[in-house]
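# here's my sequence, what's the structure:
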Amino acid sequence: MTQPAHIRELARRCSANLEVALMWNPRSGRVWLSIFDPATEEQISLPVPSERALDAFQHPYAYVGA
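Have a look, this model is predicted:
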């Protein structure tokens with residue numbers, strides 16, 4: 001599935017067990033993490049406060065239950 005043209009991927013990182021992307025919609029100001037687990041093929045989107053975006057990107061597990 002492709003993202004609309006106005007959606008921006010600000011950062012992406014891959015580890016042995018997760019792919020994490022920091023996403024931004026400049027029209028709405030919405031910021032979220034897109035987290036994909038290749039082992040289970042599970043993908044979640046997680047809204048994060050814009051002022052905490054980099055922290056959420058670096059520590060996504062801290063924001064999953066928030």
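# list the contacts of the residue nearest the centre of the chain.
Nearest residue to the geometric centre of the chain (C-alpha atoms, centre = their mean): Leu33, 1.6 Å. Contact partners of Leu33, counting by C-beta atoms under 8 Å, 6 or more residues apart in numbering, are 20-23, 45-46, 48, 56-57, 60, 63. Glycine gets a C-beta too; all of them are placed from N, C-alpha and C.
# need the buried ones from those selected in PyMOL.
Selection of the buried residues among those in PyMOL, burial being defined by 16 or more other C-beta atoms under 10 Å:
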select buried, resi 20+21+22+23+46+48+56+57+60+63
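# mind giving me the packing neighbours of the longest helix along the chain?
Longest helix of the chain, by residue count under DSSP state H: helix 53-58. Counting contacts by 3 or more C-beta pairs under 8 Å, 6 or more residues apart in numbering; DSSP states H and E, helix 53-58 is packed against strand 8-14, strand 19-25, strand 30-37, helix 61-64.
# now for those, which one comes closest to Arg52?
helix 61-64 (7.8 Å; C-beta to C-beta).
# show me what the closest one is packed against.
strand 42-47, helix 53-58.
# now it, how far from the centre of its chain.
11 Å (C-alpha atoms, centre = their mean, to the nearest Å).
# ok, residues contacting the lowest-mean-pLDDT helix or strand in the chain?
In the chain, the helix or strand scored least confidently by mean pLDDT, DSSP states H and E is helix 61-64, which has a mean of 81. Around helix 61-64, the neighbours that count as contacts under C-beta under 8 Å, 6+ apart are 33, 35, 44, 46, 48, 52, 55-56.
# contact partners of the longest helix of the chain?
Applying C-beta under 8 Å, 6+ apart, the set of residues contacting helix 53-58 is 10-11, 13, 20, 22, 24, 31, 33, 46, 48, 62-63.
# among those, which one has the lowest pLDDT?
Lowest pLDDT of the contacts of helix 53-58: Tyr63, 80.
# look up how far His6 lies from that one.
24 Å (C-beta to C-beta, to the nearest Å).
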